Structure formats: C-alpha cells, structure tokens
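Engineer: Sequence plus predicted model, see below.
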Amino acid sequence: MNAREFILKFHLGEECKKYGTPLWQCPQFLFVIMGLLIIISVIFSFVLGERYIRDPQITLIFILALTGVLLSIAFTITRSFEQLAEANRMKTEFISIVSHQLRSPLTNLKWGLDYLMTEGKMQQTKEEAGYFQILKENVGRMHEMINDLLTVSRAEQGRLPFEEQEFSLEEIIKAVLLEFHSSAVASNVEIKIEAEKAPKLWSDPSLVRHVLSNLVDNAIRYAWRGMDGERGRKKERSRIVIRYFQTGAKIRCEVEDNGVGIPQQDQRFIFRKFFRSGNAVRHQTEGSGLGLYIVKSLLERAGGQIGFESEENKGSTFWFTLPIKPS
C-alpha cells in the first residue's frame, strides 16, 4: 500500500460515504477511537508503573505487552466492522441492481396486459378477463415493491433527491385524500381533517406527500375492525382523522385510526426493514414491511421526526414533525 492509498483509506468522510454508514459506525473512525484509547491506556500504565514498579525494564515489558494486546483487539474489532460494512454495501448495491433490472420487464409486462385488456377485450371471455385482472394487480404489487426497494437503496446510499420549496401542507393532504378516495370508500373508511391555521412549510413537497400517502395507506389497510363473530356483521365503521398544527418552530401532523393497532411486543420493531407485526399478518393485509422504514428515512432526510402511539384492537396514531423554516 503506497502513501496515497493509505491516506485515502483513512479519509473518514470518503470511507463512510462508500459504506453508506454514519460516522460513528465507520470502521476507520472506530480504528481512530481505539487508537486514542490505546494511547491513553499506555500513558496511564506508564504512570502506574513509574509509581508502583521499581524496575524500569519490567515496566517497559508490561507496557509493550499491553500495547500489543490492545492493538490486536483493536485490529480484530475494526476488521470485523469493516467486513460487516462491506457486506452491507454489497447488499445495498445488489438490491439496487436487481430492482433496476426487474423494473423494465415488469413495465413491458404491464403494457402488454393493458393492451390485451383494452384492444382484445371484445374477444375475451369473462373468465379470461378475470385472470387478466388478477395478473394486472399482481404486476402492480411487484412494481410497488421494486419502487420501495429502490427507495431503500437510495436512502442507504444517501442518494435520495431532495428539492426544497415553499408549499402548503393542506394542499398535500387534499391531494393524498383524493388519491385514496376510492380505496377509502371501498373499505368503508371515513376520513376527516382537523386542522389549525399553520404557516407554509419549506421542504420537499414530493417527499412529504410520499410520507402522508404511506401513513394514510397503512391506516386504511389496518383500519378494518373485523367481523362480529356472533352476528356476522361489521363492527363500528372505520375512522381516520388527519390533524395538523404548529408547535414551536415545527408543524406536527397526525394520522389517527381506530383499526387493529400494534401489539406491545412488536412496537419496538415497527420502523425496521421488512418487519410486519403479528396482527397485520393475521389479518392478511398486504405489505412488504418497507413503508415505515422508508417514511422514517425520508423524514430524517428532511430534518423531521416520526413516532406513534398504539394499542392493539383500539387503533394507532402516527405523527411526524417538520421544521417550518430551512435549517
């Protein structure tokens, strides 16, 4: 390794960017910290040796032995973290490449299905039309999952686009509700808005719309209250309330539902990739377990925060905050 490679290897910013990890998880940063701890330990050992050990040769041997052990431990730990970081980087790149490669054939398949379902509609039997519709729905789900995987990959690599501008949160909410109107009606879900007068936001409107779309989509999916086992009737009508208000220098937005809720034992995992709570699987709702992870990543990119309160069989309230002015 020449001098240039050595300098590049320990350029913390470049290394952390390559691995897609925060500074405190970067192997080279950990190596620097371990080096500082070794220096402090050696100095402390020297002071103790000078005070309690009369023979300077014994002190020297002790310090050399301690330094060797600490260096070996530091190298082993740093190397292990480097291998984990490299594996994580390769996994992210693999997801990105595979998702891109799958996107094109899926798009072609969707166009082909659209053509058969429109141009060839007159020649289809009712049974064939039903099969085409099933294929179209499954292609749509696969396309949605690929888009989520690409978003996750970009978030982990720090490549999420972010274009700030002034916009109204009320307009974003209205656009999202229009998008999910048919889904809400089909699921017998009533959606209300409770709003206080709030200033405009300065952020990326497409990012905020993505966040709200995901939260509203989840609320509709999990707002289903099930069936009355004895009478075979629906329980109370599902309800979603979207509220927003100013709190200090931020705007807080909440999406509340009276759905299935999240079990207590699952709540600490809710923002992890690919995680789905036990009752979500039990109610056979669709999902990849990536939505809330993406929402959290997008909000962190915009300088916001997200949290939730939930009780099983009573409902959930997901909230997020965004700064009003640019940081």
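Structural biologist: Alright, I've got the coordinates. Please read these numbers as outputs of a predicted model, since none were measured by experiment. Residues are numbered from 1 along each chain as shown.
Engineer: for the helix or strand in which residue 46 is found, packing partners?
Structural biologist: Element membership for residue 46, per DSSP states H and E: helix 27-52. Contacts defined by 3 or more C-beta pairs under 8 Å, 6 or more residues apart in numbering; DSSP states H and E place helix 27-52 against helix 12-19, helix 56-118. Glycine gets a C-beta too; all of them are placed from N, C-alpha and C.
Engineer: now residue 49, nearest residue through space, not along the chain?
Structural biologist: Nearest non-adjacent residue to residue 49, counting by C-beta to C-beta, 6 or more residues apart in numbering: residue 59, 3.4 Å away.
Engineer: Comparing the helices and strands packed on helix 27-52, which yields the minimum mean pLDDT?
Structural biologist: Ranked by mean pLDDT, the helices and strands packed on helix 27-52 bottom out at helix 12-19, with a mean of 57.
Engineer: re earlier: quick one: distance of the helix holding residue 46 to the chain centre.
Structural biologist: Its chain's C-alpha centre and that of helix 27-52 lie 38 Å apart, by C-alpha atoms, centre = their mean, to the nearest Å.
Engineer: And for stretch 246-263?
Structural biologist: Offset of stretch 246-263 from its chain centre (C-alpha atoms, centre = their mean): 18 Å.
Engineer: How many residues are close by the closest residue to residue 103 other than its chain neighbours?
Structural biologist: Distances taken as C-beta to C-beta, 6+ apart put residue 146 closest to residue 103, at 5.6 Å, once the chain neighbours are dropped. By other C-beta atoms under 10 Å, the residues close to residue 146 number 20.
Engineer: How is residue 272 assigned, secondary-structure-wise?
Structural biologist: At residue 272 the chain is in coil, as set by DSSP: H, G, I helix; E, B strand; the rest coil.
Engineer: quick one, what contacts it?
Structural biologist: By C-beta atoms under 8 Å, 6 or more residues apart in numbering, the contact list for residue 272 reads 289, 293.
Engineer: next one: residue 293
Structural biologist: Per C-beta under 8 Å, 6+ apart, neighbours of residue 293: 152, 271, 272, 273.
Engineer: Where does confidence bottom out across those residues?
Structural biologist: Within the contacts of residue 293, lowest confidence goes to residue 152 (76).
Engineer: Am I right that that residue sits in a helix?
Structural biologist: Yes - judged by three-state DSSP, residue 152 forms part of a helix.
Engineer: got a pLDDT number for the residue nearest to residue 103?
Structural biologist: 79.
Engineer: element containing it, please.
Structural biologist: helix 126-156.
Engineer: Give me the contacts around the helix or strand just after that helix.
Structural biologist: Following helix 126-156 in sequence order, the next helix or strand is strand 165-167 (DSSP H and E). Residues outside strand 165-167 that contact it (C-beta under 8 Å, 6+ apart) are 200, 201, 202, 203, 204, 205, 208.
Engineer: Mind listing the residues bridging to the second one?
Structural biologist: Bridge pairing for residue 201 (DSSP bridges) gives the partners residue 167.
Engineer: so what's it up against?
Structural biologist: 166, 167, 168, 169, 208, 251, 322, 324.
Engineer: of the residues you listed, closest to residue 290?
Structural biologist: Using C-beta to C-beta, residue 208 comes nearest to residue 290 of the contacts of residue 201, at 18.4 Å.
Engineer: in the protein, which helix or strand is least confident?
Structural biologist: Least confident element among the helices and strands of the chain, by mean pLDDT, DSSP states H and E: helix 3-9 (a mean of 44).
Engineer: so where's this structure shaky on pLDDT?
Structural biologist: 1-28, 81, 83-100, 120-122, 157-158, 224-237, 278-288, 326-327 (pLDDT under 70).
Engineer: Show me how the record splits it into domains.
Structural biologist: 1-159, 165-323 (automatic domain parsing).
Engineer: most neighbours per residue, which of these?
Structural biologist: domain 165-323 (a mean of 17; mean count of other C-beta atoms under 10 Å).
Engineer: Give me the most central residue, the protein.
Structural biologist: Centroid-nearest residue in the chain: residue 293, 2.0 Å away (criterion: C-alpha atoms, centre = their mean).
Engineer: and the angle from the host helix or strand of that residue to helix 126-156?
Structural biologist: Residue 293 is part of helix 291-301 when elements are defined by DSSP H and E. Orientation check (axes from the mean of the first three to the mean of the last three C-alpha atoms, to 10 degrees): helix 291-301 against helix 126-156 gives 40 degrees.
Engineer: quick one: strands adjacent to the helix or strand just after helix 291-301?
Structural biologist: Once the chain leaves helix 291-301, the next helix or strand it forms, by DSSP H and E, is strand 305-311. Using DSSP bridges, the strands paired with strand 305-311 are strand 315-323 (antiparallel).
Engineer: so how far is the strand it pairs with off the chain centroid?
Structural biologist: For strand 315-323, the distance to the chain centre is 15 Å (C-alpha atoms, centre = their mean).
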